[in-house]
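Participant: I'll drop the sequence and a predicted model, then ask my questions.
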Amino acid sequence: MPIRYSDINAKKMPPSDFVIRHYPLTIQQLLAIFLTFLLVILSIVTITIDKISLAILLFLALGSLGWYVIVLIQRSRDLVMATEFQNSLFASALHFNNKFCLIIRREGNIVYMDNAFRKMFPDLLKETHLSVANLLRHGRVDPLEAEQIYAAIERGVHDKIIFTIQGSDSRTHKLVMAVEPIVRPSGFILLRSREYVEQRINRHSEFKVAPPSLLNKANLTLFAYIMDKMNTGVYVVDVAGTIIYVNPALEQSLGYQEGEMAAGRFLLRDILNTTSTTGPSITISEEFEGEIILRKKEGGVLRTFVNQRVLHTENHNFLGCVALISDPIHEDGDARKISW
């Protein structure tokens, strides 16, 4: 497990895209103005030695100070009321159709928890440091499932993980956790958990859907080690159409940096040139062999030959697809057909 998920002394750097509001006058400036005004009053009284002038000046000074304090208190009450209303609205929205919700930092520290989480893990709240690592340890989550959660948080991409956790009352809950990075302010991640419902298979469906975790990055380690050495482009797509692996040859051809496309932010349709009405259509659920047009990162297109194959488990559950991509100009057509 990475150290950052349990390091209580992790640096808490403010996000660069969140700007703290600066008020016209700070507390120090207000205190300096008041002391200066008070010093002027005492100087005038010392010079004139007039009780009436002293009383008038003190009345003006204390009256101004009292007026400012009253205005400040009223603004603070309005701010507290607006904040409480927004927090109530925010908490109700997060709890809708969810088992519990958390907001964490990238290093794993919990910064927000809803009431459902407090009721489910009351013993965890007694600990001095609340983090994802302590939550998974307290809930006795399986190490393999916990590693999937850590990997999703580390990648900082949208993902869903099925796991089993125990509450403080020792009751077992099978949940689906949605990992959703917050765009602004950055550096925070929303974790939404709901009860896992066994997937119902549609009898009229052309294929059965397998759990999306079967084609995760850990299972592609050996495959990636081999495919990274190839000059032919390779991509792997899961059941949702998300590109989960692209070898460096294809990324270089499309103008991307190594590892940029496989970060979980691209769908297969994002790189297909859908503006062309004459070219063939390609979907992840069917095998395809022929020429297609891909979009480059900085504009422009790339004509390629794609040999795509659909992946299934032994039980004929649909996993996704894998494809070899080559340049049709420099390779013989018959040779491409036997590339698999």
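Facilitator: Perfect, thanks for sending it.
Participant: Report the separation between residue 283 and residue 242.
Facilitator: Note on residue 283: its distance to residue 242, by CB to CB, to the nearest Å, is 14 Å. Any C-beta I mention is one placed from the backbone N, CA and C, and that applies to glycine too.
Participant: Wait, residue 98 touches residue 190, no?
Facilitator: No - at 10.2 Å, residue 98 does not count as touching residue 190 under the criterion of CB atoms under 8 Å.
Participant: Neighbour count: these two, which is higher?
Facilitator: Between residue 98 and residue 190, counting by other CB atoms under 10 Å, residue 98 is the more crowded of the two (18 against 15).
Participant: what helix or strand does that one sit in?
Facilitator: For residue 98, there is no enclosing helix or strand under DSSP states H and E.
Participant: wait, what's in contact with it?
Facilitator: Residues in contact with residue 98, defined by CB atoms under 8 Å, 6 or more residues apart in numbering, are 116, 192, 193, 194.
Participant: ok, 7 Å please
Facilitator: Residue 98 makes contact with 192, 193, 194, according to CB atoms under 7 Å, 6 or more residues apart in numbering.
Participant: Near the second one, how many other residues are there?
Facilitator: For residue 193, the neighbour count with other CB under 10 Å is 21.
Participant: That one and residue 179 touch, don't they?
Facilitator: No - taking contacts as CB atoms under 7 Å, residue 193 lies outside contact range of residue 179: 10.3 Å.
Participant: Compare residue 283 and residue 242 and say which is more crowded by neighbours.
Facilitator: Neighbours around residue 283 and residue 242, counted as other CB under 10 Å, are more numerous at residue 242. The numbers are 22 against 13.
Participant: Beta-bridge partners for that one, please?
Facilitator: With DSSP bridges as the criterion, residue 242 is bridged to residue 267.
Participant: let's number from 38 now, not from 1
Facilitator: With the count now opening at 38, the last piece we talked about shows up as residue 279.
Participant: quick one, phi psi at the residue lying closest to residue 225 once chain neighbours are set aside?
Facilitator: Using CB to CB, 6 or more residues apart in numbering and skipping the chain neighbours, the partner closest in space to residue 225 is residue 219 (4.5 Å). Here is the backbone geometry of residue 219 (degrees, to the nearest 10): phi -90, psi 130.
Participant: Kind regards, and thank you for your time.
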